[in-house]
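**Student:** Model the structure of this input:
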Amino acid sequence: MSRKFNALLGLGALAFASSAFAQCPSSPVPPWSSQSVLGGTVAIVAGGYDGTSCRMASTITGNIGGASAFVRDNTPASEPRYRAQFLINLDTLTGQNTIQSVKVFGASTDAPFGGQSEVVRLTVVGNVAGTAKTLGVFTVCEGQPSNLCSASAPLTAGTNRIEIDWQKGPTGSLRVWVNNTNEGAPTATLNGNSNSWGGVDFATLGLAAGSAAFRAAQLNRAVGFDEFDSRRQTFIGN
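**Tutor:** Presented below is the predicted three-dimensional model:
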């Protein structure tokens, strides 16, 4: 999974078993900075999604409030621009419907504003029939309800590739690409004033903040993550 070993990126490329490495780590930490497993587990398992040898499996195992199963990267340092990409496979979450939501990624600042510390938040929710899934996209926008702007994008069955580009400022933006490697045509773009927030100080990947309905219906179903990469400037795209 991913590529944290490439110092040229300036941030983190958290990769387990990329082509440059013969062995997978025995656990997510290291290369990740830490993990949170309250009523959940994160583990490195065989079989990656992009020619890698392994991936991270994130599983909620307890129907308790605050259940979490995610890893954290402390590589960023008040980054005014933050790009990240990862692969995710949600096929195990069968029957996920509109009240079964869960967070899969967050980019946060140590200098929050207006009650919001996550400058980027990505969630997954199902449709009414439980037959399709949607990526929820949220970013900070001063003056909007709850100081947030939001959008959504459809996800496909199988493995999805997700990339973000967040830029802080009075005319800040968040661009998102879902199964899309055309830098000039993002899947979704949100614009708003994010100047009152600090830059990105850490990122999380995995399952967290699951709704009560999600916890009740999706216990012990592992979601797979692979090829996490983060950068300051350049488009990742693959």
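
**Student:** could you measure the residue nearest the centre of the chain against residue 26, distance?
**Tutor:** In the chain, the centroid-proximal residue (Cα atoms, centre = their mean) is residue 105; its distance is 2.4 Å. Applying Cβ to Cβ, to the nearest Å, the value for residue 105 to residue 26 is 24 Å. Every residue, glycine included, has its C-beta placed from N, CA and C.

**Student:** Residue 39 now?
**Tutor:** Distance, residue 39 to residue 26, using Cβ to Cβ: 23 Å.

**Student:** re earlier: what helix or strand does the residue nearest to the centre of the chain sit in?
**Tutor:** strand 102-113 (DSSP states H and E).

**Student:** roughly how far out does that strand sit from the chain middle?
**Tutor:** The chain centre lies 10 Å from the centre of strand 102-113; the measure is Cα atoms, centre = their mean, to the nearest Å.

**Student:** Name the next helix or strand downstream of that strand, please.
**Tutor:** strand 116-126.

**Student:** That next one pairs with which strands, and in what direction?
**Tutor:** strand 102-113 (antiparallel), strand 133-140 (antiparallel) (DSSP bridges).

**Student:** The longest one: which residues count as buried?
**Tutor:** Just to be clear, that refers to strand 102-113. 102, 103, 104, 105, 106, 107, 108, 109, 112, 113 (16 or more other Cβ atoms under 10 Å).

**Student:** Pull the contacting residues for residue 201.
**Tutor:** 74, 76, 77, 78, 79, 108, 109, 110, 111 (Cβ atoms under 8 Å, 6 or more residues apart in numbering).

**Student:** Apart from its chain neighbours, what residue comes closest to it?
**Tutor:** Among residues not flanking residue 201 along the chain, residue 110 sits closest, at 4.4 Å (Cβ to Cβ, 6 or more residues apart in numbering).

**Student:** give me the number of residues near the closest residue to residue 113 other than its chain neighbours?
**Tutor:** Nearest non-adjacent residue to residue 113, counting by Cβ to Cβ, 6+ apart: residue 196, 4.0 Å away. Applying other Cβ atoms under 10 Å, we find 15 residues neighbouring residue 196.

**Student:** Isn't residue 220 up against residue 59?
**Tutor:** Yes - Residue 220 lies in contact with residue 59 (Cβ atoms under 8 Å); the separation is 6.2 Å.

**Student:** can you pull out the helices in the chain?
**Tutor:** 212-217 (DSSP state H).

**Student:** Strands of that one, start to end?
**Tutor:** 34-36, 40-46, 54-60, 69-73, 81-89, 102-113, 116-126, 133-140, 148-155, 159-167, 172-178, 188-192, 202-208, 223-231 (DSSP state E).

**Student:** Any idea which of those strands gets closest to residue 96?
**Tutor:** Nearest to residue 96, of all the strands of the chain, is strand 116-126, at 3.4 Å by Cβ to Cβ.

**Student:** Can you tell me what sits against the closest one?
**Tutor:** Contacts of strand 116-126 (Cβ under 8 Å, 6+ apart): 82, 90, 93, 95-98, 100-110, 132-140, 146-148, 155, 162, 164, 166, 168, 174, 194, 197, 200, 209.

**Student:** What subset of those residues is buried?
**Tutor:** 82, 90, 93, 96-97, 100-109, 133-140, 147-148, 155, 162, 164, 166, 168, 174, 194, 197, 200, 209.

**Student:** returning to that earlier point: what would the buried residues of strand 102-113 look like in a markdown table with pLDDT?
**Tutor:** Below are the buried residues of strand 102-113 laid out as a markdown table (pLDDT from 0 to 100):
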| residue | pLDDT |
| --- | --- |
| 102 | 98 |
| 103 | 98 |
| 104 | 98 |
| 105 | 98 |
| 106 | 98 |
| 107 | 98 |
| 108 | 98 |
| 109 | 98 |
| 112 | 98 |
| 113 | 98 |
